[in-house]
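Participant: Mind folding the following:
(chains A and B)
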Amino acid sequence: MNLIERVVAISRRRSPWICRLNAGSCNGCDIEITPLLSPRYDAEQLGIELHGTPKHADIVLISGTLTLRSRQAILDIYDQVPSPKAVVALGSCPLSGNVFAGSPLVLGQSLDSLVPVDVWVPGCPPRPQAILDGIARAASLLEEGATRSQMESLLEGGQGRPS
Amino acid sequence: MAMLKTILGNLLRPSRTRAPADMPDVPPAYRGALAHEAARCTACGTCAYVCAPKAISFTQDPGLSVSWRFFIGQCSFCGLCAQNCPTQAIRLEAGVPAGMNSAAGDGFRLESVIPLRACTRCGAAHVPLPASTMDALWGSDEAERGYCPECRRWAAGARLRVAFVPAAGEEVRHER
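Facilitator: The predicted model follows:
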């Protein structure tokens, strides 16, 4: 890793842009993201900025139960995120479906089987500081080139570490 | 002049936004991470029964132990398990469960092993009752402390027999 790559990696950690994706959540987790961006919890002191489009994002926050209808949307949106990317799963639902598990409209699998998840933030809903902690972990994983999508591209013999 | 004062104040005061480590406290009744105390657990299964998303389960190692298992990824932190636990073996602590890297392995599951004990009378393996429950239910009869549920029932029956039959040791025939 040369000097410029190092600077780029550090600046990626210092300002991770996030994109929020509701995969069928009850809105509990999404409501907790709102105070996270407000001055009380102040995500922007870590350089975190919420963006509407996945094409500008480094980190995708996925909240909620995976439903049959949202499955393809998750895959599409994940593919639209440019390559050094991290996924943070919010709450219990992406992991197991929580209380919705067993419904015929809910996928009976964890988010891990659709996209490589880097950080799980437990809670129902998680507190804003736990979400902030999760995003900070994901950002430091991005800097080290240790997110699962980066590791997979490294294994496939692709570009390797992020440029 | 007012602007200068504001600028100077902003330079001298600490920033009003909080540092990431300086977070607002959780309320005292906050339902955070689950904690299980094996010494108080009687493995009655009430927590697994009331858990709506089925995050709690019990597994048995016959004759040796009973394990209380908890999967945080399925918990909705409703607190019903702690509320319904008859011996207060489950607590929801105020601490916030931290984020988990998926590379760090299986940090989602808690397991708490309750070792079985042999009955002092018949030798059957059973889950020992916590001392406070023993005091409340069975008085302070030291001999019955190590009994299994079957033997405690037998001991209670024996006490009843002694209480109702005046001549001790004499066999009574019930005729209806």
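
Participant: quick one, what contacts the residue nearest to residue B:115 when sequence neighbours are not counted?
Facilitator: What sits nearest to residue B:115 in space, not counting adjacent residues and going by C-beta to C-beta, 6 or more residues apart in numbering or on different chains, is residue B:65, at 4.9 Å. (Glycine included, C-beta is placed from N, CA and C.) For residue B:65, the contact set (C-beta atoms under 8 Å, 6 or more residues apart in numbering or on different chains) comprises B:113-116.

Participant: Tell me which two in those residues are the farthest apart.
Facilitator: Spatial extent of those (C-beta to C-beta) is set by the pair B:113 and B:116 at 10.1 Å.

Participant: Give the intersection of the neighbour lists for these two.
Facilitator: With the criterion set as C-beta under 8 Å, 6+ apart, the overlap between the contacts of residue B:113 and residue B:116 is B:65-66.

Participant: These two - which one has more neighbours?
Facilitator: A direct count of neighbours by other C-beta atoms under 10 Å in any protein chain shown for residue B:113 and residue B:116 places residue B:116 higher, at 19 against 14.

Participant: tell me the phi and psi of the more buried one?
Facilitator: The main-chain torsion angles of residue B:116 are listed as degrees, to the nearest 10 and equal phi -80, psi 160.

Participant: What's the separation between it and residue B:144?
Facilitator: Plainly put, residue B:116 is 18 Å away from residue B:144 if you go by C-beta to C-beta, to the nearest Å.

Participant: ditto for residue B:51
Facilitator: Per C-beta to C-beta, residue B:51 is found 32 Å from residue B:144.

Participant: Sketch out the strands for chain B, chain order is fine.
Facilitator: Here chain B has its strands, by DSSP state E, at B:34-36, B:56-61, B:65-71, B:90-92, B:100-101, B:109-115, B:117-118, B:125-126.

Participant: Which one of these has the poorest average confidence?
Facilitator: Ranked by mean pLDDT, the strands of chain B end with strand B:100-101 at the bottom, a mean of 64.

Participant: Which positions in chain A make contact with chain B?
Facilitator: Residues of chain A lying close to chain B by C-beta under 8 Å from any C-beta of the partner chain are A:39-42, A:45-46, A:88, A:92, A:95-99, A:101, A:110, A:112, A:116-124, A:126-127, A:129-130, A:132-134, A:136-137, A:141, A:146, A:148.

Participant: Inside strands: which ones of those?
Facilitator: The subset of these that ends up in strands is A:88, A:119-121, with DSSP E as the criterion.

Participant: In those, find the pair that's most separated.
Facilitator: The most widely separated members of those, counting by C-beta to C-beta, are A:88 and A:120 (7.9 Å).

Participant: Looking at the two, which has the bigger crowd around it?
Facilitator: Using other C-beta under 10 Å, the more surrounded residue of residue A:88 and residue A:120 is residue A:120, with 29 against 25.

Participant: What residues are bridge-paired with the more buried one?
Facilitator: In this structure, residue A:120 bridges to residue A:89, residue B:100 when assessed by DSSP bridges.

Participant: was I right about it contacting residue B:73?
Facilitator: Yes. Taking contact to mean C-beta atoms under 8 Å, the distance of 7.1 Å between residue A:120 and residue B:73 places them in contact.

Participant: residue ranges with poor pLDDT in chain A?
Facilitator: A:157-163 (pLDDT under 70).

Participant: which residue packs closest to residue B:128, ignoring adjacent ones?
Facilitator: The spatially closest residue to residue B:128, leaving aside those adjacent along the chain, is residue B:117, at 4.6 Å (C-beta to C-beta, 6+ apart).

Participant: quick one on the thing from earlier: tell me how far the residue nearest to residue B:115 lies from residue B:11.
Facilitator: 63 Å.

Participant: Please apply the same query to residue A:106.
Facilitator: Distance check for residue A:106 against residue B:11: by C-beta to C-beta, it reads 54 Å.

Participant: and what of residue B:116?
Facilitator: Residue B:116 sits at a distance of 67 Å from residue B:11 (criterion: C-beta to C-beta).

Participant: And residue B:156, by the same measure?
Facilitator: Going from residue B:156 to residue B:11 by C-beta to C-beta gives 77 Å.

Participant: What of residue A:13?
Facilitator: Using C-beta to C-beta, one obtains 28 Å as the distance from residue A:13 to residue B:11.
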